[in-house]
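> Fold the following and give me the result.
(2 chains)
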Amino acid sequence: METLRGRPVPPALAGAVVLDARGQPRPLGACWKDGPCVLVLLRHFGCIGCDTQVADLAPRLHELRAAGARTVLVGNGPPDAIADFVARHALGDKDVEVFTDPSLAAFRAARLLRSAWATYGPRSIADYARALVGGFAPHRTLGDALQQGGALVVDAGGTVVLHRVARSLGDHADASDLVDAALALALRASPLRV
Amino acid sequence: MAYLLHAANVLYLLSYLVKDILWLRLLTVLAGLLLMTWAFLQPQPLWASLAWNAVFLAINVVQSWLLVLERRPVQLSEREMELYRLVFRTLTPREFVKLLALGRWEEAPADTRIVERARALDRLMVIASGRTAVRVGERVVELGQGRFVGEMSFITGEPPTADVVAIDAIRYVAWPKAPLTKFLAEHPPLRAAWQAVLGADLVSKLRAA
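As a prediction, this is how the structure comes out:
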């Protein structure tokens, strides 16, 4: 899979329209219009792998915000599933926005995987077992079960500085990698670069 | 001899009931010893059982010892304690000691240039005492106790864009970049804690600049 790292955000991704919890359309490209953006594309809202990812990411959201980055999560289920997802992860009062893209247009534009093998293959079975052992519970599938996730960090100029394509349901970007990318962008934008 | 077998199984039972991994291993070691004694004292010693239990015993003894080492209280010298309080309070003292072991305490007299503009830097420093100066355009920004120097190269791999000069005698800890990066990659929770420290430093620098 070709990486987007170092390239401008593909027009199809910048032009993708996602939906908020009320079903209102929001242009995804607006997320990095005013500054860097950490864009995490989740799977469906009941995905146990996404639960582990958000649990890793949630305690680091304030670090991303402090580094000047906006964090946006995009799932692929129905808009009315967002509220439950936000409540389940106690994201309501955190520096993060949650949208959904049932059309999967943003996922395709971000060159993410969609396959049965990635969803039901041995790696995903191992991911699933790890999540269960880690105390996470499975939830009803709310969205496209075959679509895998990924992450991008986009700078204020619309260039992708980190592009992560998940190969299985638990193969998500390490929160520390996202924080590193956000810190690097903050440093480059700082007048005090020592 | 059967009482040895029963005693061993009672200890195994207890080991399944405890939650602390060290107690679990220690109880298993005791149970294993009793079981081995029982197997050895049989009219025909049970060599296969003895051999397997010897393997389990060895593993548990080594792992227990490692756990004991990890749990030993941490002793910090006064200057280490001061740096810990100043910068690294989000780390556990043991994590801090592990990090310190990778770095080196250094000193520099006043007017020493510890970072050279546009020159690749292969280490990250934190100032333990004294002050340094960084020229940012027409302004001079002071970086004192508890401030990091060299994070530009550490995080982005790019050279610094300004000199850093000691205003007075300074003492600092310097970490070589490659071993520190490798160490943090091998210890994800520590990497996260380290990033939080570095991020907080960066935010205060952005405000100062």
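> Quick check: closest non-adjacent residue to residue B:122.
Nearest residue to residue B:122, sequence neighbours excluded (Cβ to Cβ, 6 or more residues apart in numbering or on different chains): residue B:177, at 4.9 Å. Quick note: C-beta positions are derived from backbone N, CA and C, even for glycine.
> Would you confirm that the one you found contacts residue B:154?
Yes - in this structure, residue B:177 is within contact of residue B:154 by Cβ atoms under 8 Å, at 5.8 Å.
> and the two? which has more neighbours close in?
residue B:154 (22 against 17; other Cβ atoms under 10 Å in any protein chain shown).
> Not counting residues beside it along the chain, what's closest to that one?
What sits nearest to residue B:154 in space, not counting adjacent residues and going by Cβ to Cβ, 6+ apart, is residue B:124, at 4.4 Å.
> which SSE is the one you found in?
Taking DSSP states H and E as the definition, one finds residue B:124 inside strand B:123-129.
> do residue B:13 as well
Assigned by DSSP H and E, residue B:13 belongs to helix B:2-17.
> Also residue B:30?
Using DSSP H and E, the element containing residue B:30 is helix B:21-40.
> and for the following helix or strand past that helix, what are the contacting residues?
Using DSSP H and E, the helix or strand that directly follows helix B:21-40 along the chain is helix B:47-71. By Cβ atoms under 8 Å, 6 or more residues apart in numbering or on different chains, the residues outside helix B:47-71 that reach it are B:21-22, B:25-26, B:28-29, B:32-33, B:35-36, B:39-40, B:94.
> so helix B:47-71 versus helix B:2-17, what angle?
If you take axes from the mean of the first three to the mean of the last three Cα atoms, to 10 degrees, helix B:47-71 sits at 40 degrees to helix B:2-17.
> what comes up buried for helix B:47-71?
B:50, B:53, B:57, B:60, B:64 (16 or more other Cβ atoms under 10 Å in any protein chain shown).
> so where's the chain uncertain?
In the absence of a named chain, chain A is used. Counting by pLDDT under 70, the ranges of chain A that qualify are A:1.
> Can you look at chain B instead?
Within chain B, the stretches with pLDDT under 70 are B:209.
> Write out the residues of it neighbouring chain A.
Within reach of chain A by Cβ under 8 Å from any Cβ of the partner chain, chain B has these residues: B:115, B:134, B:136-137, B:141, B:143, B:149-152, B:155-156, B:158, B:160-162, B:164, B:188, B:191-192, B:195-196, B:198-200, B:202-203, B:205-206, B:208-209.
> re earlier: quick one: contacts of the helix holding residue B:13?
Residues from elsewhere that reach helix B:2-17 (Cβ under 8 Å, 6+ apart): B:23-25, B:27-28, B:30-32, B:34-35, B:37-38, B:41.
> Can you list the buried residues in stretch B:133-142?
Taking 16+ other Cβ under 10 Å as the neighbour-count basis, stretch B:133-142 is seen to contain the buried residues B:133-134, B:136, B:141.
> Which of those fall within strands?
Among the buried residues of stretch B:133-142, the ones falling in strands (DSSP state E) are B:133-134, B:136, B:141.
> biggest separation within these, which pair?
Taking Cβ to Cβ as the measure, those span a maximum distance of 10.0 Å, between B:133 and B:136.
> got any residues that touch both of those two?
Common neighbours of residue B:133 and residue B:136 (Cβ under 8 Å, 6+ apart) do not exist.
> Which parts of chain A are strands?
Along chain A, the segments classed as strands by DSSP E run A:17-19, A:25-27, A:37-41, A:70-75, A:97-100, A:150-154, A:160-165.
> Tabulate the ones you listed in CSV, adding columns for mean neighbour count.
Formatted as CSV, these follow (neighbours: other Cβ atoms under 10 Å in any protein chain shown):
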stretch, mean neighbour count
strand A:17-19, 19
strand A:25-27, 12
strand A:37-41, 27
strand A:70-75, 24
strand A:97-100, 23
strand A:150-154, 28
strand A:160-165, 21
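> Minimum distance to chain B: which of the ones you listed has it?
Nearest to chain B among these is strand A:160-165; the distance by Cβ to the nearest Cβ comes to 10.1 Å.
> Pull the contacting residues for the spatially most central residue of chain A.
For chain A, residue A:40 is the residue whose C-alpha lies nearest the centre (Cα atoms, centre = their mean; 1.1 Å). By Cβ under 8 Å, 6+ apart, the contact list for residue A:40 reads A:53, A:57, A:71-74, A:149-151, A:172-173, A:178.
> Return the members of the contacts of helix B:47-71 classed as buried.
By neighbour count, with 16+ other Cβ under 10 Å, these hold B:25-26, B:28-29, B:32, B:35-36, B:39 as buried.
> the longest helix in chain A is where?
For chain A, the helix with the greatest residue count under DSSP state H is helix A:175-189.
> buried sites along that helix?
Within helix A:175-189, the residues scored as buried using 16+ other Cβ under 10 Å are A:175-176, A:178-188.
> so which of those residues also contact chain B?
Within the buried residues of helix A:175-189, those near chain B by Cβ under 8 Å from any Cβ are A:175-176, A:179-180, A:183-184, A:186-188.
> of those residues, closest to residue B:170?
Distance to residue B:170, by Cβ to Cβ, is smallest for residue A:187 among those, at 22.2 Å.
> doesn't residue A:194 make contact with that closest one?
No - using Cβ under 8 Å, residue A:187 makes no contact with residue A:194, being 9.4 Å away.
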